[in-house]
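Participant: let me see the structure of the following:
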Amino acid sequence: MRQLGLRGIFYVLALISCVSTSMNAQFDPTQGCIVDVNNECIPNTLLTAVPFLKIVPDARAGAMGDAGLATSADANSMHFNASKLAFAEQNFGLGVTYTPWLRELGLTDVFLAYLSGYNKINDVQAIGFSLKFFSLGDINFTDINGGSTGMGRPREFEIAGAYARKLGDNLSAGGSAKYIYSNLASGQQVQGIDINTANAFAIDLSLTYMKEVGANNNQLSIAGALSNLGSKVSYTNSSETKDFLPGNIGIGSAYKLNLDEYNSLTFALDINKLLVPTPQPFQLRTVVDGVETDIDNPAFDQTGGDDGGPDGVGDYRQKGTFAGIFGSFADAEGGFSEEVKELTYSLGVEYLYNNQFAVRTGYYFENELKGDRQYLTLGVGLQYNVATINISYLIPTSNRRSPLDNTLRFSFIFDAAAFQSGR
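Facilitator: Got it, this is the predicted structure:
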């Protein structure tokens, strides 16, 4: 049998998410969660394929707790909300971001690169484009005895185009179409199963409401976005083991308070939820004649076989795209209380001086049973000649380590107006 090397196993298991988790657990309705033999809640994280689509590529948003749905438009807006492009102040913008990945593990060849831009057709229309590339470095694939089966270079990318249009003075709508490519271990085998390249198409839909309020022309923004809505993907030839894209619904708001001619404060809040089914445990632990016993969970696999019965694959993974999206609001065993735990929160603050120097901070919160990503973010921004440079830094506040621990992230946004004026 051929298998991946240790590093390869780490990436495939973390990123493919195509192997069902077996949990010796049971559901406790009094706590609204799945519990272990000690009656303590255990994690039940939502699983998706190609999670790199959810990585925030923008250092500005990265410094504001990953909040970016309703902040002011720039060249990186497409990742969050393409409809903001219709409100962009400049007619053209271009952004480049480089994000080192897993530097705490001593890896130097893993990174995320992001190129994005937009062009305003007129006062009410804009188009945009983006390319996100995720390199996982060079991996030496090995068999079960440690013998080399060849070198691999896992990589993923997303190419997207967008269109945004104002529907009125204060309202805009936008849409993006994207192609997704994921090659993690093509040509290799895991437990005798051939690993292939995954491909998918998806769309984003968004709305933005933006209005000046108060005597100082403060700006209120409210936005909503549906992202990564598309076909399921598979890394194998099996049609039963396709996995969901990280479809997401997000609602955001931002309020820019103009303190005077030169100073302003922006407060932003985003709330997001993945539109994918909540996993079911493969096994349940129960007590039979006074003895703890593991039994198959009847809710895990009831249909899917040729005879209409079980087929060994979790039913939640075999839902159709739309069934998974709409069902994701009410499929958790813990009911409403567990659905609320699947929300993530991004809170950010930005101080801006003379549109040239910015100081930012933020906080990101995810429930400990749904991933436990909790971290404080810091950053600065500086406009110099034709470019704005944004830098962000992440500090984890939970036991869950982040791939961006102690890592600086850089974004460059090029000022089209400065080019045109010859500065």
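
Participant: for the spatially most central residue of the chain, give me phi and psi.
Facilitator: Nearest to the mean C-alpha position of the chain, counting by CA atoms, centre = their mean, stands residue 54 at 1.6 Å. Phi and psi for residue 54, reported as degrees, to the nearest 10, are phi -90, psi -10.

Participant: tell me the SS of the residue nearest to it when sequence neighbours are not counted?
Facilitator: Excluding the flanking residues, the one nearest residue 54 by CB to CB, 6 or more residues apart in numbering is residue 246, at 4.9 Å. No exception for glycine: its C-beta is placed from N, CA and C like everyone else's. At residue 246 the chain is in coil, as set by DSSP: H, G, I helix; E, B strand; the rest coil.

Participant: what's the burial count for residue 246?
Facilitator: Using other CB atoms under 10 Å, residue 246 has 21 other residues around it.

Participant: what do you get for residue 148?
Facilitator: Residue 148, neighbours per other CB under 10 Å, totals 10.

Participant: likewise for residue 353?
Facilitator: Residue 353 has 12 neighbouring residues, counting by other CB under 10 Å.

Participant: in the stretch 151-300 of the chain, where is pLDDT below threshold?
Facilitator: Within the stretch 151-300 of the chain, the ranges that satisfy pLDDT under 70 run 191, 238-240, 282-290, 292-300.

Participant: go again using 50 as the cut-off
Facilitator: Residues of the stretch 151-300 of the chain that meet the criterion pLDDT under 50 are absent altogether.

Participant: for it, just list every one of the helices.
Facilitator: In the stretch 151-300 of the chain, no helices are found when defined by DSSP state H, counting those that start in this stretch.

Participant: do the same with the stretch 1-150 of the chain
Facilitator: Assigned by DSSP H, counting those that start in this stretch, the stretch 1-150 of the chain shows helices spanning 6-15, 59-62.

Participant: what's the least confident stretch among those?
Facilitator: Of all the helices of the stretch 1-150 of the chain, mean pLDDT reaches its minimum on helix 6-15 (a mean of 42).

Participant: report whether residue 340 is found in a helix, as I expect.
Facilitator: Yes: Residue 340 sits within a helix when classified using three-state DSSP.

Participant: tell me the spacing between it and residue 370.
Facilitator: Here the criterion is CB to CB, to the nearest Å. By it, residue 340 lies 10 Å from residue 370.

Participant: look at these two and report which has more neighbours.
Facilitator: Per other CB under 10 Å, whichever of residue 340 and residue 370 has more neighbours is residue 370, with 19 against 13.

Participant: correct me, but the more buried one touches residue 42?
Facilitator: No: between residue 370 and residue 42 there is no contact under CB atoms under 8 Å: 11.5 Å.

Participant: contacting residues around the nearest residue to residue 321 once chain neighbours are set aside?
Facilitator: Spatial nearest neighbour of residue 321, chain neighbours left out: residue 232 (6.0 Å); criterion: CB to CB, 6+ apart. By CB atoms under 8 Å, 6 or more residues apart in numbering, the contact list for residue 232 reads 49, 200, 242, 243, 244, 245, 321.

Participant: residues contacting the second one?
Facilitator: With contact taken as CB under 8 Å, 6+ apart, residue 200 is in contact with 50, 179, 180, 230, 231, 232, 233, 245.

Participant: quick check: beta-bridge partners of the closest residue to the fifth one other than its chain neighbours?
Facilitator: Once its chain neighbours are removed from consideration, residue 231 has its nearest residue in residue 200; the separation is 5.0 Å (CB to CB, 6+ apart). The bridge-partner assignment for residue 200, based on DSSP bridges, gives residue 180.

Participant: what about residue 200, distance to residue 131?
Facilitator: Distance from residue 200 to residue 131, by CB to CB: 16 Å.

Participant: what's the answer for residue 90, then?
Facilitator: Separation of residue 90 from residue 131 (CB to CB) stands at 20 Å.

Participant: again, but for residue 317
Facilitator: Distance of residue 317 to residue 131, computed by CB to CB: 30 Å.

Participant: do the same with residue 257
Facilitator: Residue 257 sits 35 Å away from residue 131, going by CB to CB.

Participant: try residue 358
Facilitator: Distance, residue 358 to residue 131, by CB to CB: 25 Å.

Participant: same deal with residue 102?
Facilitator: Distance, residue 102 to residue 131, by CB to CB: 22 Å.

Participant: make JSON lines from the contacts of residue 232 and add distance to residue 278 to it.
Facilitator: Supplementary listing: these in JSON lines, determined by distance: CB to CB, whole Å:
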{"residue": "49", "distance to residue 278": "16"}
{"residue": "200", "distance to residue 278": "21"}
{"residue": "242", "distance to residue 278": "17"}
{"residue": "243", "distance to residue 278": "14"}
{"residue": "244", "distance to residue 278": "11"}
{"residue": "245", "distance to residue 278": "16"}
{"residue": "321", "distance to residue 278": "16"}
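
Participant: looking at the residues you listed, state which has the most neighbours.
Facilitator: Busiest of the contacts of residue 232 [other CB under 10 Å] is residue 245, holding 29 neighbours.
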